[in-house]
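Asks: Following is a predicted model, sequence given first.
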2 protein chains.
Amino acid sequence: MKQIKGGVTAAKGYEAASTAAGIKYKDRTDMALIYSQAPCTAAGTFTTNVVKAAPVKWDRQVIESGSPVRAVVVNSGIANACTGEEGFGYCRDTAEAAAKALNIPAEGVVMGSTGVIGMQLPIEKLKKGIEALAGKKNVSIESGTEAAKAIMTTDTCEKELAVEIGVGGKTVTIGGMAKGSGMIHPNMCTMLAFITTDAVIGREALQKALSEDVADTYNMISVDGDTSTNDTVLLLANGLAENPEIIYGSEDYKKFSEALHTVNEYLAKKIAGDGEGATALFEVKAVGCESTEQAKTLAKAVVCSNLTKTAIAGHDANWGRILCAMGYSGAQFDPEKVDLFFESRAGKIQIIENGTAVDYSEEEATRILSQPEVTAIADIKLGSKTAVAWGCDLTHGYIDINADYRS
Amino acid sequence: MKQIKGGVTAAKGYEAASTAAGIKYKDRTDMALIYSQAPCTAAGTFTTNVVKAAPVKWDRQVIESGSPVRAVVVNSGIANACTGEEGFGYCRDTAEAAAKALNIPAEGVVMGSTGVIGMQLPIEKLKKGIEALAGKKNVSIESGTEAAKAIMTTDTCEKELAVEIGVGGKTVTIGGMAKGSGMIHPNMCTMLAFITTDAVIGREALQKALSEDVADTYNMISVDGDTSTNDTVLLLANGLAENPEIIYGSEDYKKFSEALHTVNEYLAKKIAGDGEGATALFEVKAVGCESTEQAKTLAKAVVCSNLTKTAIAGHDANWGRILCAMGYSGAQFDPEKVDLFFESRAGKIQIIENGTAVDYSEEEATRILSQPEVTAIADIKLGSKTAVAWGCDLTHGYIDINADYRS
């Protein structure tokens, strides 16, 4: 596997574009298009929130129908959630406008929206935006990056990655982009992530590869514990790599899954580390667990704890809060067996042995916790299973952003 | 039922005291004593956190043994949690010191600790504190208030209430005190709350009255989603009111339970409204529900949402976040049936009808949301059950307090 430049336009036959449609923001792009020169097999995972945004409902229909996908239209600024029949109608309008502008079937258009809940989309602006996107789309790496920028809301940087693998003598590329920042506590999948590949792979194998990996990547991050109404991960495969078909369970499938995992894990970590107001990526590893489920429950409880997250913001080795969060997670374990370590580029330090504090240096701990990426490792010494979760610190920035997000 | 002055010393035969033992704070009281002139029947509910503080373990033993309780010793500053055998030994030392100073059996002493997790108690300071408390204890209302102050950590005000009811021609009094502020997301019970009554009531009826009410009061509040290692509610009944025994299920039991509920609900709301950094009490009522469980799940998800809480801090009617939180709560409902209202002393306003926004005035909504007590009412129109949960807004103050709590 080799990391290469770019994102959604890295794989063969994908074009992208962005435009400033004036949906909500001034002076910035707020619409993105991904277009495939060939029909794509498509897989998707969506929010488990009972309140589902209109584009989530639309995309599920398309994915479940098995229609080949040709284009993804994304807007930022307005989430098109809690918008009733009117909002769903705008999804149909969007698909039809894209179909016309791109000369493709409307049932081959999927979409994503992110931003304020409850406002209706200014559909005429969107239609004009789609025309602009259709006129500008191209295969350059830069157009992929610009698309990744256009889907940002409170994100501070675009998030994209691409990797290459060899399959049957052919080069298969997987590239993706994502946006996150707030209302991030994915369940089934995250905010918005769009992955493109030129692999030849069947629909079922593609969906399995995505669903299995989402559980270990996007579903293991949390910024604020709020599962969005719009969470969507879409994975498109247009087959232009001309590799022998990747069959579920084969060695090639394993290789493809690993490459997909690299892209998903990178984007998921980027979303966590770029959480609203965040100054640090906070990684938690639960090791020595009896089951993967137990490990995931423990790791996720720690990254979700407001108290732990504010301690990380303060570079404070307040390990009691970590043990406390593990304790209320719902997972059973023996608190008096737990070992706890902090680790970062600045070193590694043991804080707890068998549930009580060792004689560690607070100064050393603070030095380790002052890095932009910080890991806590909890060993519960009951087995050999592990899990990793990612979150971020909770800072004044989060309050600033969210106490007055709409205005 | 009549509200009267005071807290834990309001009922007959209870004395209280506070002292500055120098456990962690400078220049403030940090130990409290509640003493009953007669042996008490005792009931208790405790944290469900797997990581249980030493005093929780001690108190459970005493309550389960059925030993009559004579005294409660509480310290703030250090939680005596994650302190292993050494920490549990200090509970025994505390009980023995109190037994000696008060001339009562050690198995009649219960205790509570609150503060930093992981530090060991300075037991010699505690012992001296206990001697001071024994010398100062008295029945005055003021001593009860001083005790309520001594158990505070990041609380900004003491929390106490007392009420009177008539039972068989006798006056029965129930009074209580509590502390909260951070690490508040009780499960089974809250932080520390101590309720005293002079009622004659059997142990089983007393425990049932407490357990049943905790589910609707302390368990319905959340400040930060973190269930503490130390959550404890103790209810003592010394029988000095000389009423005919209150029998489980009787009319008197109902009256007693209602009075207890008044005290518990008041203290629970006080804890929520005085959450770390809070500027507003945030009350959420779920109405029109199919079951009480569904109503509780919906109401609690909303008060726990960081995004909703920051919106309240910004006096922003960001109702999408409320619907979003209900959607990921785990409860099933039809988002397109939901009506939502905001209410406070400044008035009441409808925001959503059948899942989408009505044409409300943002200015009016902001005016209503700018009060120190704000209520959101969500009607899911599926039945007749209701539930209320209490939380607070999430502000810069929370970050300030917790990013550097230990130093």
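Replies: Received the coordinates, thanks.

Asks: When you work out contacts or count neighbours from here on, use the C-alpha atoms and nothing else.
Replies: OK.

Asks: What helix or strand is A:Glu265 located in?
Replies: Using DSSP states H and E, A:Glu265 sits in helix A:251-273.

Asks: Could you figure out how far the helix or strand just after that helix is turned away from helix A:251-273?
Replies: Next along the chain after helix A:251-273, taking DSSP H and E as the criterion, comes strand A:281-289. Orientation of strand A:281-289 against helix A:251-273 (axes from the mean of the first three to the mean of the last three Cα atoms, to 10 degrees) gives an angle of 130 degrees.

Asks: For strand A:281-289, which helices and strands make contact with it?
Replies: helix A:251-273, helix A:292-304, strand A:373-379, strand A:385-392 (3 or more Cα pairs under 8 Å, 6 or more residues apart in numbering or on different chains; DSSP states H and E).

Asks: Of the ones you listed, which is nearest chain B?
Replies: helix A:292-304 (9.0 Å; Cα to the nearest Cα).

Asks: Could you confirm whether the closest one reaches chain B?
Replies: No: contact of helix A:292-304 with chain B (Cα under 8 Å from any Cα of the partner chain) is absent, the minimum separation being 9.0 Å.

Asks: how about that helix: buried residues?
Replies: Residues of helix A:292-304 classed as buried by neighbour count (16 or more other Cα atoms under 10 Å in any protein chain shown): A:Thr292, A:Gln294, A:Ala295, A:Lys296, A:Thr297, A:Leu298, A:Ala299, A:Lys300, A:Ala301, A:Val302, A:Val303, A:Cys304.

Asks: again, but for stretch A:117-136
Replies: Buried-residue list, stretch A:117-136, by 16+ other Cα under 10 Å: A:117-121, A:123, A:126-127, A:129-134.

Asks: Then stretch A:348-358?
Replies: A:Lys348, A:Ile349, A:Gln350, A:Ile351, A:Ile352, A:Glu353, A:Asn354, A:Gly355, A:Thr356, A:Ala357.

Asks: Which of those fall in strands?
Replies: A:Lys348, A:Ile349, A:Gln350, A:Ile351, A:Ile352, A:Glu353, A:Thr356, A:Ala357 (DSSP state E).

Asks: Make JSON lines out of the residues you listed and add pLDDT.
Replies: Listed next are these as JSON lines, based on pLDDT from 0 to 100:
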{"residue": "A:Lys348", "pLDDT": "97"}
{"residue": "A:Ile349", "pLDDT": "96"}
{"residue": "A:Gln350", "pLDDT": "97"}
{"residue": "A:Ile351", "pLDDT": "94"}
{"residue": "A:Ile352", "pLDDT": "93"}
{"residue": "A:Glu353", "pLDDT": "94"}
{"residue": "A:Thr356", "pLDDT": "89"}
{"residue": "A:Ala357", "pLDDT": "88"}
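
Asks: for those, which one is nearest chain B?
Replies: Nearest to chain B among those, with distances taken as Cα to the nearest Cα, is A:Thr356, at 5.7 Å.

Asks: okay, now A:Asp359: neighbour count?
Replies: Using other Cα atoms under 10 Å in any protein chain shown, A:Asp359 is surrounded by 10 other residues.

Asks: Who are the contact partners of it?
Replies: The contact partners of A:Asp359, by Cα atoms under 8 Å, 6 or more residues apart in numbering or on different chains, come to A:Ile351.

Asks: so how far is the top strand by length along chain A from its chain's centroid?
Replies: Ranked by residue count, the top strand of chain A under DSSP E comes out as strand A:31-46. Centroid separation between strand A:31-46 and its chain, computed with Cα atoms, centre = their mean, to the nearest Å, is 16 Å.

Asks: what's the answer for stretch A:215-232, then?
Replies: That offset, for stretch A:215-232, works out to 7 Å (Cα atoms, centre = their mean).

Asks: got it, and stretch A:380-393?
Replies: With Cα atoms, centre = their mean, you get 19 Å for stretch A:380-393.

Asks: Kindly report the same for stretch A:137-157.
Replies: How far stretch A:137-157 lies from its chain's middle: 15 Å, per Cα atoms, centre = their mean.

Asks: again with stretch A:265-284
Replies: The answer for stretch A:265-284 is 10 Å, by Cα atoms, centre = their mean.

Asks: What of stretch A:134-154?
Replies: Mean C-alpha position of stretch A:134-154 versus that of the full chain (Cα atoms, centre = their mean) differs by 17 Å.

Asks: gap between whichever strand or helix holds A:Glu212 and the chain center?
Replies: For A:Glu212, the element it lies in under DSSP H and E is helix A:203-214. Here the centre of helix A:203-214 is set off from its chain's centre by 15 Å, with Cα atoms, centre = their mean.

Asks: Kindly calculate the angle that it makes with helix A:251-273.
Replies: For helix A:203-214 against helix A:251-273, the angle by the same axes, to 10 degrees is 40 degrees.

Asks: What's the first helix or strand after helix A:203-214?
Replies: Scanning onward from helix A:203-214 (DSSP H and E), the first element met is strand A:232-237.

Asks: Direction included, what does that following strand pair up with?
Replies: Counting by DSSP bridges, the strands paired with strand A:232-237 are strand A:31-46 (antiparallel), strand A:192-197 (parallel).

Asks: Switch the buried residues of stretch A:348-358 over to a markdown table; also include distance to chain B.
Replies: Formatted as a markdown table, the buried residues of stretch A:348-358 follow (distance: Cα to the nearest Cα, whole Å):
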| residue | distance to chain B |
| --- | --- |
| A:Lys348 | 20 |
| A:Ile349 | 17 |
| A:Gln350 | 15 |
| A:Ile351 | 11 |
| A:Ile352 | 10 |
| A:Glu353 | 11 |
| A:Asn354 | 9 |
| A:Gly355 | 6 |
| A:Thr356 | 6 |
| A:Ala357 | 7 |
